[in-house]
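Asker: Pasted the sequence and its predicted model underneath.
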Amino acid sequence: MTATVGTPPDTDAVRAPERSASSLVDAVFRAREISIAGALVLLVLGTWLANPRFLSDQGIKDLLLNASILVLLAVGQSAVVVTRNIDLSVGSVVGLSAFACGKFVAGTDHGVLTVMLLGVAIGVVCGLVSGALVSFGKVPALVVTLGMLYIIQGVDYWWARGEQISAADVPGAVLGLGSGSVLGVPYLPLIAVALLAATAYYLRSYRSGRELYAIGSSPEAARLAGIPIRRRVLAAYAFSGAVAGFAGALWLARFGTVVADNAHGWELTVVSAVVVGGVAITGGTGTVWGAALGALLLTTIGSALVVLKVDAFWQGAITGALLLLAISVDRVVNLRVTAALRKRSARHVHGA
Amino acid sequence: MMLRNAVGRRAVATAATAVCLALSLTACSGTTKDSAGESGAKATGSAKADPDAPLKKGLKLAFLPKQINNPYEKILDEAGIAAAKEYGGTGKEVGPSDANASSQVSYINTLIQQRQDAILIAANDPNAVCGPLKQAMKKDIKVVAYDSDTAKDCRQLFINQAGSEQIGRSLVQHLAEQIGHKGKIAILSATQNATNQNTWIEYMKEELKLPAYKDMELVKVAYGDDADQKSFQQTQGLLQAYPDLKGIISPTTVGIAAAARYLGDSSYKGKVVLNGLGTPNQMRAYVKNGTVEQFSLWNPEELGYLASYAAAALASGQITGAEGETFTAGELGEYTVGKDGEVILGEPTVFDAKNIDRFDF
Amino acid sequence: MSTAPDTQKAPASRVRGPGLRWDTAVGVLLVAVLVVGLAGTEGFGSRENLAFAFNDIAEVALIALPMTLLVVAGQVDLSVASMLGLGSALTGALWEAGWAFETIVPVVLLVGVAGGLLNGWLVTRVGLPSLAVTIGTLALYRGLASVALGSDAVTDFPQAYADWAVDTTTVPGTFLTYPVLLFVVLAAVTAVVLHATGLGRSLFAIGSQEEAAYFSGVRVKRIKLLLFVVTGLFSAFAGVVFTLRYGSARADNGLGFEMLVIASVLLGGVDFDGGKGTLFGAVAGVLLIGVLKNLLTLNDVAGEVQVIVTGLLLVASVLTPRVVAGVVERRHRRAARTP
């Protein structure tokens, strides 16, 4: 207790000196992603040594395919989380979108593009509702999106009533998107990477993208700086919703068979992936690359445990422990860096 | 400073009180598993059956499936409700939207309040639903379990899709023939707690102990939680973890469909034999493209239909659930109540490329 | 219910319309639902149905008490349902191993305390946000539950204890079951702690301005740690109640309850940003969700629709006070402009 006197008891201290030494901070965050990537590589190598089949052509393909949808959702969620908000409704949106798209294409020959657009449209509508409530209604994001989780799920279940769209009813072109590949690389991971790169570029290089970080870092300062907070937050939710809707359409393409409760309970997995990837739940920091790596790491752990013949009962416990470890290490490293930065800026002051 | 200490002390005191409260319970004499007496008297059997009693008109039946958005359960319940119309009764389907053990309980309570004539239940947990079901029976509401049984003293009848032993053993027998009684096999089940799944798996293990299967080894039971995507990934994992796997048995309609889809798109197609329980409509494509040679299932519509008639026979006093009683289940003909109040629908049908087009469910 | 909340002490109460307090509104809504049910739905008012309806939410209600304190202090614990599952699984595993039930209960409670300590330690010492920490322990505790009990379900708990928990045994002459009675007592205690003690005042202070509270001498970390410990304790205890009530110990017991607990607390007008709320509101929220579910089920309203209703209520619970406050404020401003 005495050791921390002088610093406020909670987080905010970390973000304060951001601008003063942005290059160092940048380097640290990159280090953060490198450390996740390192963990991932270790995990994959270790599993591969234990069972070479893990990295067979089929094995790699499976790993990438498994991660694709979660990576997409993590990218969408990151855009919301950096603004110090959260979107718990994504699992329900994926479920609704997948079922709606399935219902739409069943027994028809609608093209891939139409289905994808439908999925995105459904997602955007859901995202806009959540976003409007959060930004214009000024209500806590967690409560509203929890409410939306229930509402969207209820609508979805009520509509489906136990109906199932089976792969046989889905047009071949749509299924082809889920199982097909170009030069041996399946489409789904390619789509995920493309969206990831685009989002990363936007958040980094566009003014409105960087403003999302500013909002999350300090809403008050962002407001004083003239950033249109409401519009930006609304846009972030619309984006997250759109991505979730899109993911629902891809779900249909990948799995073919859809029922109402696809992706049920995924919201916490997505948030876990984002947090493991170094996007702080308190907003303002983290990159979509990190979030995507977090998603990849989580799905890879799942696959690796099966391949390593670890009892299925341990899987949940290991995932949880890993999540705690990741955020704890992250926090400790952050504290060290902050201390270092402070020392450095103190030297600067003395030097001048 | 004073405030701080006061708060702190009070905090510690509160925590201490809580722990003390807890520990004080230990002061009582110990009740262990062995000292607790066997409880639970048989609830059935006081009334007399009148085999000639006609089916009553206007019976109210309620179907309580594992969860309402499960396509398979929906087929059962719709058939049961249609059957109720045949004999002048009404049926409805109510139930939770998740397959949790506890979530069925509140529905049982409301069905008691609504004074239904019979409750038909596919239990998520054989024991969690027991208390309320016993209450229902006390109020002269008939209880029929179908698809997945409750504990034996909590229902009057269990309509079994086929003998559990037969399902378990025959799945192993079929797969063994397909792979020549040799090699490693795995099971892809539903949730870790599913009663019917676990019973079948027990019988599969029994069967595998026989000398005929000495060259076969069950390497893993994986759980796909009856979720399509999870089952899909579990299949992937199985094939990577056991590259020399020869066969997979998936005794759940969700699991076998997901496993078939993975196999069909992967390099394992044709190398790994998949067998289990599935519906013809879900599996048709995979039988036709050669991913799956054969699988089996009873007719779910007939199961729902039989359960509905059995409940009506109970509620009309034709039967009481005692062994040896008989009743007529509409078009399906006559059925006899077996040991422990079990009624068996019949042998499962084996579907393959030759006969699959004759079925539509 | 049994509490007379004293909200004057809640600082920074931004929503201040005439008679527009949300927790009161939820209380009124609860009474309205009860009246509608009693008047219009057959079977709703029977003693056994009421006993069941209230007993059915006993665990959620028990966990909601410490959760209210946590949320008031600006924290949240998502691991409660997993701790309930772990408590249930441990109860089963130890019972199966031949332990005396009277030993099992304190051990399970201690595990609850330990789980709470881990949550609290990570939040207060490592300095992590409670949301992130408890998402992690949500997976961890549920995982440990399934390690403890695997796919087994343990049954046959001692009749005397099982009778204590089920809805068929009530306090003679009433529809109150023993878990509900216990809840009423604990709710009264919690209400006093929150609204009539220095500790309660500190919680509001932490929730509305943590730094200010710290510098004015509130032992922020210790209090937060204590809250997480109590929450873990209550959750593990709820696991024992759950196990006895259903007579079935399983690792997946109470799956997803965390959302229900939080929804109930927030529905009762406890502000998720901390610093605001009454225990009365939270209790009214829990009861409203429970009674409404019972009433809708009795009227054959489909489960999916009930899910939608829960969601709408939740959104309304946070939106309405804000909208009302906005309207009131605008009216004030207009009144000020035109003298």
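Answerer: Arrived safely.
Asker: and B:Y146, backbone torsions?
Answerer: phi -140, psi 160 (degrees, to the nearest 10).
Asker: Is it bridged to anything, and to what?
Answerer: Per DSSP bridges, the residues bridged to B:Y146 are B:I159.
Asker: Next one: it from chain C, what distance?
Answerer: Separation of B:Y146 from chain C (C-beta to the nearest C-beta, to the nearest Å) stands at 20 Å. Heads up, the C-betas are built off the backbone N, CA and C, glycines and all.
Asker: Contact partners for that residue?
Answerer: B:76, B:120-122, B:158-159, B:303-304, B:307 (C-beta atoms under 8 Å, 6 or more residues apart in numbering or on different chains).
Asker: What is the neighbour count of B:D340?
Answerer: Neighbour count of B:D340, defined by other C-beta atoms under 10 Å in any protein chain shown: 12.
Asker: Run a quick neighbour tally on the nearest residue to it once chain neighbours are set aside.
Answerer: Once flanking residues are discounted, B:D340 sits nearest to B:K152: 5.3 Å by C-beta to C-beta, 6 or more residues apart in numbering or on different chains. Look at B:K152: counted by other C-beta under 10 Å, it has 17 neighbours.
Asker: which stretch of helix or strand covers B:V144?
Answerer: Using DSSP states H and E, B:V144 maps to strand B:142-146.
Asker: before we move on, what SS does the closest residue to chain B within the stretch 151-300 of chain C have?
Answerer: Closest approach between the stretch 151-300 of chain C and chain B, counting by C-beta to the nearest C-beta: C:S151, at 3.4 Å. Following DSSP: H, G, I helix; E, B strand; the rest coil, C:S151 is assigned to coil.
Asker: Now do the residue nearest to B:D340 against chain A, distance only.
Answerer: 28 Å.
Asker: if I pick B:I248, what's in contact with it?
Answerer: B:185-188, B:235, B:238, B:259, B:272-276.
Asker: 6 Å instead, please
Answerer: Counting by C-beta atoms under 6 Å, 6 or more residues apart in numbering or on different chains, B:I248 makes contact with B:186, B:188, B:259, B:274.
Asker: Centroid-nearest residue for the chain?
Answerer: By default, I'm working from chain A. A:A74 (1.1 Å; C-alpha atoms, centre = their mean).
Asker: wait, I meant chain C there
Answerer: Nearest residue to the geometric centre of chain C (C-alpha atoms, centre = their mean): C:A64, 1.1 Å.
Asker: quick revisit: which one of the contacts of B:I248 sits closest to B:E207?
Answerer: Nearest to B:E207 among these, counting by C-beta to C-beta, is B:A186 at 15.2 Å.
Asker: so that closest one, which of the three states?
Answerer: strand.
Asker: Quick one: mean pLDDT over the one helix or strand C:V265 maps to.
Answerer: Taking DSSP H and E as the criterion, C:V265 maps to helix C:257-267. Mean pLDDT, helix C:257-267: 89.
Asker: and that helix, what does it pack onto?
Answerer: Where contact means 3 or more C-beta pairs under 6 Å, 6 or more residues apart in numbering or on different chains; DSSP states H and E, helix C:257-267 is packed against helix C:58-72, helix C:80-96, helix C:279-298, helix C:303-337.
Asker: quick check: angle from it to helix C:303-337?
Answerer: 30 degrees (axes from the mean of the first three to the mean of the last three C-alpha atoms, to 10 degrees).
Asker: Just the angle for helix C:257-267 relative to helix C:80-96, thanks.
Answerer: For helix C:257-267 against helix C:80-96, the angle by the same axes, to 10 degrees is 140 degrees.
Asker: State the distance from B:Q197 to B:T252.
Answerer: Per C-beta to C-beta, to the nearest Å, B:Q197 is found 6 Å from B:T252.
Asker: three-state assignment of the closest residue to the residue of the stretch 151-300 of chain C closest to chain B other than its chain neighbours?
Answerer: The shortest distance from C:S151 to any non-neighbouring residue, by C-beta to C-beta, 6+ apart, is to B:Q192 (3.4 Å). Classification of B:Q192 by three-state DSSP places it in coil.
Asker: B:Q192: how many residues sit nearby?
Answerer: For B:Q192, using other C-beta under 10 Å, the count is 21.
Asker: The one 10 residues further on too?
Answerer: By the measure other C-beta under 10 Å, the count of residues near B:E202 is 13.
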